[in-house]
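Student: Just a sequence and a predicted model for now, questions to come.
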Amino acid sequence: MAESNGRRIGVAVDFSECSKKALNWAIENVVRDGDYLILITVAHDMHYEDGEMQLWETVGSPLIPLSEFSEAAVMKKYGVKPDAETLDIANTAARQKSITVVMKIYWGDPREKICEAAEHIPLSSLVIGNRGLGGLKRMIMGSVSNHVVNNVACPITVVKAHH
């Protein structure tokens with residue numbers, strides 16, 4: 001990361017409605033000019049087409065610039081499919097504010113990896129939704145925000161889904 005006064009604001013994204021709400025909330029309420037907005041996503045499956053991918057399994061992907069993570073071909077390499085709405089939110093924020101938007105992908109258990117991201121990037125603050133995708137995932141994601149709140153040193157905002 002370039003040394004500047006920019007804070008590193010992380011948002012955990014799983015491309016669910018709740019994570020889009022968290023992303024919008026972070027952009028409206030937390031992010032200010034000069035900040036880095038870092039979308040943190042945790043993929044479940046690691047594809048070993050690529051030697052470098054094995055290296056990333058433990059440390060996560062490099063920071064992927066917005067221009068690259070907006071391209072389906074680039075993201076296919078990582079086995080991640082950002083939805084159009086999340087990309088639109090990120091691109092609009094980058095146009096409207098003087099911020100640097102990047103994505104970092106991890107593989108494994110979201111609870112562990114989001115905590116790792118907060119520590120290693122390191123984040124100035126983290127925004128996370130309290131609900132992920134439906135059904136079983138909801139139970140898992142619900143426990144993700146609880147786990148992260150209890151294990152991360154930086155300030156965290158949990159954005160609640162509409163009930």
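Tutor: The structure has been received and is ready for your questions.

Student: where does this structure have low pLDDT?
Tutor: Applying pLDDT under 70 to the chain flags residues 1-4, 45-53, 132-142, 163.

Student: got the residue ranges for the helices in it?
Tutor: Remark: helices assigned in the chain by DSSP state H are 17-29, 51-59, 66-69, 72-78, 84-96, 110-120, 136-151.

Student: export the ones you listed to TSV and tack on distance to Arg8 and mean neighbour count?
Tutor: (Each C-beta comes from the backbone N, C-alpha and C, glycine too.) Shown next, in TSV, are the helices of the chain (distance: least, C-beta to C-beta, whole Å; neighbours: other C-beta atoms under 10 Å):
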stretch	distance to Arg8	mean neighbour count
helix 17-29	12	20
helix 51-59	16	12
helix 66-69	15	17
helix 72-78	21	14
helix 84-96	15	15
helix 110-120	10	20
helix 136-151	16	16
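
Student: And those: which comes nearest Ile40?
Tutor: Among the helices of the chain, the nearest to Ile40 by C-beta to C-beta is helix 110-120 (4.8 Å).

Student: how far is that closest one from where the chain is centred?
Tutor: 10 Å (C-alpha atoms, centre = their mean, to the nearest Å).

Student: Equivalent analysis for stretch 5-16, please.
Tutor: Here stretch 5-16 is found 5 Å from its chain centre; the criterion is C-alpha atoms, centre = their mean.

Student: and if you look at stretch 28-45?
Tutor: Relative to its parent chain, stretch 28-45 has a centroid offset of 5 Å by C-alpha atoms, centre = their mean.

Student: how many neighbours does Val13 have?
Tutor: By other C-beta atoms under 10 Å, 26 other residues sit near Val13.

Student: you'd agree it is up against Lys21?
Tutor: No - applying C-beta atoms under 8 Å as the test, Val13 and Lys21 come out as separate, 10.7 Å apart.

Student: Tell me who's in contact with the residue nearest to the spatial centre of the chain.
Tutor: By C-alpha atoms, centre = their mean, the mean C-alpha position of the chain lies nearest to Ile40, the distance being 1.9 Å. Contact analysis of Ile40 by C-beta atoms under 8 Å, 6 or more residues apart in numbering lists 10-13, 103-104, 106, 113-114, 117.

Student: now do Lys20
Tutor: The contact partners of Lys20, by C-beta under 8 Å, 6+ apart, come to 13, 85-86, 89.

Student: out of these, who's nearest Glu71?
Tutor: Minimum distance to Glu71 across these is 13.9 Å, recorded for Thr86 (C-beta to C-beta).

Student: For the closest one, give its distance to Gly129.
Tutor: Separation of Thr86 from Gly129 (C-beta to C-beta, to the nearest Å): 12 Å.
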